[in-house]
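K.L.:
when you get a sec, could you give me coordinates for this:
(2 chains, ligands or ions: 8)
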Protein chains: 2
Amino acid sequence: MAQLIREVFVAAFDTESLRAGDDFARLSVPPGRLVMTTDGYVITPRVFPGGDIGSMAVHGTVNDVAMSGARVLYLTAGFIIEEGLPLADLAAVADSMARAAREAGVAIVTGDTKVVERGGCDGLFITTAGVGVLTDDRLDIAGNRARPGDAVLLNGTIGDHGVAVMSRREGLSFETPILSDSAALNGLVADMVAAVPEIRVLRDPTRGGVAATLNEIADRSGVGVLVREAAVPVRPAVRGACELLGLDPLTVANEGKLIAICPADRAEPLLAVMRAHPLGRDAAVIGEVLDDPDHVVQLETALGGRRVIDWLAGEQLPRIC
Amino acid sequence: MAQLIREVFVAAFDTESLRAGDDFARLSVPPGRLVMTTDGYVITPRVFPGGDIGSMAVHGTVNDVAMSGARVLYLTAGFIIEEGLPLADLAAVADSMARAAREAGVAIVTGDTKVVERGGCDGLFITTAGVGVLTDDRLDIAGNRARPGDAVLLNGTIGDHGVAVMSRREGLSFETPILSDSAALNGLVADMVAAVPEIRVLRDPTRGGVAATLNEIADRSGVGVLVREAAVPVRPAVRGACELLGLDPLTVANEGKLIAICPADRAEPLLAVMRAHPLGRDAAVIGEVLDDPDHVVQLETALGGRRVIDWLAGEQLPRIC
Ligand SMILES: Nc1ncnc2c1ncn2[C@@H]1O[C@H](COP(=O)(O)OP(=O)(O)OP(=O)(O)O)[C@@H](O)[C@H]1O
Ligand SMILES: Nc1ncnc2c1ncn2[C@@H]1O[C@H](COP(=O)(O)OP(=O)(O)OP(=O)(O)O)[C@@H](O)[C@H]1O
Ligand SMILES: [Mg+2]
Ligand SMILES: [Mg+2]
Ligand SMILES: [Mg+2]
Ligand SMILES: [Mg+2]
Ligand SMILES: [Mg+2]
Ligand SMILES: [Mg+2]
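P.N.:
Residues are numbered from 1 along each chain as shown, chains lettered A, B, ... in the order given. Ligands and ions are numbered 1, 2, ... in the order given. Below is the predicted model of the structure:
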């Protein structure tokens, strides 16, 4: 076990605190408010076009910290491994995590490995926790701060991740290969908050897609949201696949997208800084925040009609009894 | 799902950052070095005499942070739940975590819930990450700092946790009920480092017991260790159960114990402050650090003989291929 940890994880993640070999990491942080988050990653298939469970476990948690406006600094990596998982698969996931972390400029500083009996888990579960520091006192970014009149922005095309995963799962292939958009958004966010510290809400539309995220924001902030369908970027191949699979792109998961809400008069400079970043080239203002006592999210269709975008119009979530 | 999270987890953990409903927690921390750790908890049975998976997931991670000498501040809680787990079981675990965190004076500030298909996981896995802050610049506590001549201290009886769990697993019962020693050691450690900042090593002898922990320290520090058997506190009931189960108490897991190593001339004041704390009443100096190029851990038996204490003399760890 100690050998496995050393040769697979410590070798891949290659950070000083892991080499020190204590079961804690001692780290320096700039002064400011600390930001923490955690997520577990349980995805089938483990490898999909454009990423794998390892890159997702880094991107997802980096993004959750980044959605506070904080500088993302450190990650923990907890592995639960089913006995019999091929060592090569595990090493590939560790390498993918290491690469994703390096590219995002964050360090994986401590971890854990548990091996469970065959049948005890579905191959591999990863839980990452992330910390960052809010050094800019002007920032106050939270899900309850959207106000009527605010602009709603999105950094690019939606649905890529969910369609990439689902088509691999269903064994579908398309003329144009569809890749997950999985990416670390902390660099983009750093540019955004530096230029427009007035940003009120940032949120990554992952599970449940843009539909779920906007409903959550509407609910937390006590507002309505209007989205203009024509303004929402969707790749033609993704649109085609969604039609085939019977999905609404608005409800499909993304792993490299963010929704930003800011005062209307700050939308132009925010859009400009987003478009100047490689992960925001297709950024757009997709709608606005409304005064609505029912906290409804509406879609204005290309034809000018309106329909309500519901919470769970798309994917079913697993139940627990 | 949102309802489950609100009614079970947010209600139990009852912290401000969870109520805020963002997927990150914003926290204030005193200046100092940050300490982070993580562990996954996968234990059968989930409930055992003296604790359950929830209290363990708090105590284990609090203790790992505390072993740096840091003040333990915040925890994350990641749940992976098998579909079909009774809601009452889940709520009991959440309540137990909440109680353990409250008693330890730490806050569970953010979390995650994933539900996997029946058969996808063994009921319930919990991964916690913990952060603390090292505010005292004099402290430099790490596994590689033991020096020949140092004293080795232990805060109480060994083997209680492992025997409690194993006897529940095997359906054994004893005249004297044996309870897990699972406890948060951060309060004890705070007293210890305040009184004796010269402490060189702190480590909690969990999986693999005192034997594994001392071997790890010997290895990291490049020293030998001598343990005096007669000085190691073991409850008679635990000793009896170990004989029955064919176990050496030195290799059995603990969840509320720590090994402390300090310069010999600081052993007396350290022992005094340990004994003054409820979790250190049975504290003892159990041995000393030796100059030994082979980094061996030896036991001096009650009869005066010596034998080597090996790495994995006891429990088998699961394999991965
Ligand atoms: N997947 C991993 N990635 C990075 N580091 C890891 C990983 N697993 C373990 N480590 C590191 O290896 C060391 C030993 O970890 P391990 O979990 O085996 O010990 P432990 O936490 O003391 O034991 P336990 O988890 O049984 O309580 C620690 O320094 C830990 O940070
Ligand atoms: N077990 C838990 N304990 C405490 N808080 C939790 C727990 N599970 C979720 N939460 C909190 O509930 C909110 C929603 O969590 P959830 O994991 O469903 O959302 P998410 O992380 O955005 O989605 P995903 O995990 O699919 O990426 C977050 O604020 C999170 O901190
Ligand atoms: Mg999340
Ligand atoms: Mg998220
Ligand atoms: Mg561990
Ligand atoms: Mg640990
Ligand atoms: Mg430990
Ligand atoms: Mg989550």
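K.L.:
what about the closest residue to ligand 6 within chain A, neighbour count?
P.N.:
Closest contact between chain A and ligand 6, by CB to the ion, is at A:Asp23 (4.3 Å). C-beta: built from backbone N, CA, C; applies to glycine. Other residues within reach of A:Asp23, judged by other CB atoms under 10 Å in any protein chain shown, total 21.
K.L.:
what does A:Pro177 give?
P.N.:
Counted by other CB under 10 Å, the residues lying close to A:Pro177 total 11.
K.L.:
ok, and the closest non-adjacent residue to it?
P.N.:
The shortest distance from A:Pro177 to any residue other than its chain neighbours is 6.1 Å, reached at A:Pro49 (CB to CB, 6 or more residues apart in numbering or on different chains).
K.L.:
do A:Val238 as well
P.N.:
With sequence-adjacent residues excluded and distances taken as CB to CB, 6+ apart, A:Val238 is closest to A:Gly159, at 4.4 Å.
K.L.:
what are the ranges of the helices in the stretch 151-300 of chain A?
P.N.:
A:160-170, A:186-195, A:209-221, A:236-245, A:267-275 (DSSP state H, counting those that start in this stretch).
K.L.:
and the last one with helix A:186-195, angle?
P.N.:
For helix A:267-275 against helix A:186-195, the angle by axes from the mean of the first three to the mean of the last three CA atoms, to 10 degrees is 150 degrees.
K.L.:
run through who's touching helix A:267-275.
P.N.:
The contact list for helix A:267-275, computed with CB atoms under 8 Å, 6 or more residues apart in numbering or on different chains, reads A:151, A:153, A:155, A:188, A:191-192, A:195-196, A:199, A:260, A:262, A:280-281, A:283-285.
K.L.:
quick one: contacts for the residue nearest to A:Val238?
P.N.:
A:Gly209, A:Val234, A:Arg235, A:Val238, A:Arg239, A:Cys242, A:Leu247, A:Pro249, A:Val252, A:Asn254.
K.L.:
of these, closest to B:Ser96?
P.N.:
Taking CB to CB as the measure, B:Ser96 sits nearest to A:Gly209 out of those, at 35.1 Å.
K.L.:
in the stretch 101-250 of chain A, which segments are predicted with low confidence?
P.N.:
Along the stretch 101-250 of chain A, no part satisfies pLDDT under 70.
K.L.:
and the residue of chain A nearest ligand 1?
P.N.:
Nearest residue of chain A to ligand 1: A:Gly111, at 2.4 Å (CB to the nearest ligand atom).
K.L.:
re earlier: contacts with ligand 1 among the contacts of A:Gly159, please.
P.N.:
Of the residues in those, proximity to ligand 1 by CB under 6 Å from any ligand atom holds for none.
K.L.:
filter the residues you listed to the buried ones?
P.N.:
Buried members of these, scored by 16 or more other CB atoms under 10 Å in any protein chain shown, are A:Gly209, A:Val234, A:Arg235, A:Val238, A:Cys242, A:Leu247, A:Pro249, A:Val252, A:Asn254.
K.L.:
I'd say the residue of chain A closest to ligand 6 and B:Met67 touch.
P.N.:
Yes - assessed by CB atoms under 8 Å, A:Asp23 is found in contact with B:Met67 at 6.9 Å.
K.L.:
specify the beta-bridge partners of A:Thr127.
P.N.:
Counting by DSSP bridges, A:Thr127 forms beta bridges with A:Gly40, A:Gly78.
K.L.:
from B:Ala302, how far off is it?
P.N.:
Distance of A:Thr127 to B:Ala302, computed by CB to CB, to the nearest Å: 45 Å.
K.L.:
same question for A:Val296.
P.N.:
A:Val296 is 77 Å from B:Ala302, by CB to CB.
K.L.:
out of these two, which sits in the more crowded spot?
P.N.:
A:Val296 (17 against 10).
K.L.:
quick check: closest non-adjacent residue to that one.
P.N.:
In space, not counting the residues next to it along the chain, A:Val296 is nearest to A:Gly224; the distance is 5.1 Å by CB to CB, 6+ apart.
K.L.:
how about the longest helix seen in chain A: buried residues?
P.N.:
In chain A, with assignment by DSSP state H, the single longest helix is helix A:87-104. Neighbour-count burial for helix A:87-104 flags A:89-98, A:100-101, A:104 (criterion: 16+ other CB under 10 Å).
K.L.:
ok and the residue in chain A nearest ligand 8?
P.N.:
Nearest to ligand 8, among the residues of chain A, is A:Asp39, at 4.3 Å (CB to the ion).
K.L.:
ok, for that residue, nearest residue in space, not its chain neighbours?
P.N.:
With CB to CB, 6+ apart, the residue lying closest to A:Asp39 is B:Asp112, at 4.7 Å.
K.L.:
ok, the one you found - contacts?
P.N.:
Counted by CB under 8 Å, 6+ apart, B:Asp112 has contacts A:Thr38, A:Asp39, A:Gly40, A:Thr127, B:Thr76, B:Ala77, B:Gly78, B:Phe79.
K.L.:
please indicate which of these are buried?
P.N.:
A:Thr38, A:Asp39, A:Gly40, A:Thr127, B:Thr76, B:Ala77, B:Gly78, B:Phe79.
K.L.:
export the residues you listed to TSV and tack on distance to B:Val116?
P.N.:
TSV is the format used below for those (distance: CB to CB, whole Å):
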residue	distance to B:Val116
A:Thr38	17
A:Asp39	14
A:Gly40	9
A:Thr127	13
B:Thr76	19
B:Ala77	17
B:Gly78	13
B:Phe79	11
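K.L.:
still on that earlier bit, of the contacts of A:Gly159, just say which sits nearest to A:Val58.
P.N.:
Of all the contacts of A:Gly159, A:Val58 sits closest to A:Asn254, with 15.8 Å by CB to CB.
K.L.:
need the contact list for that closest one.
P.N.:
Contacts of A:Asn254 by CB under 8 Å, 6+ apart are A:Ile158, A:Gly159, A:Asp160, A:His161, A:Gly162, A:Asp181, A:Asp204, A:Pro205, A:Thr206, A:Gly209, A:Val210.
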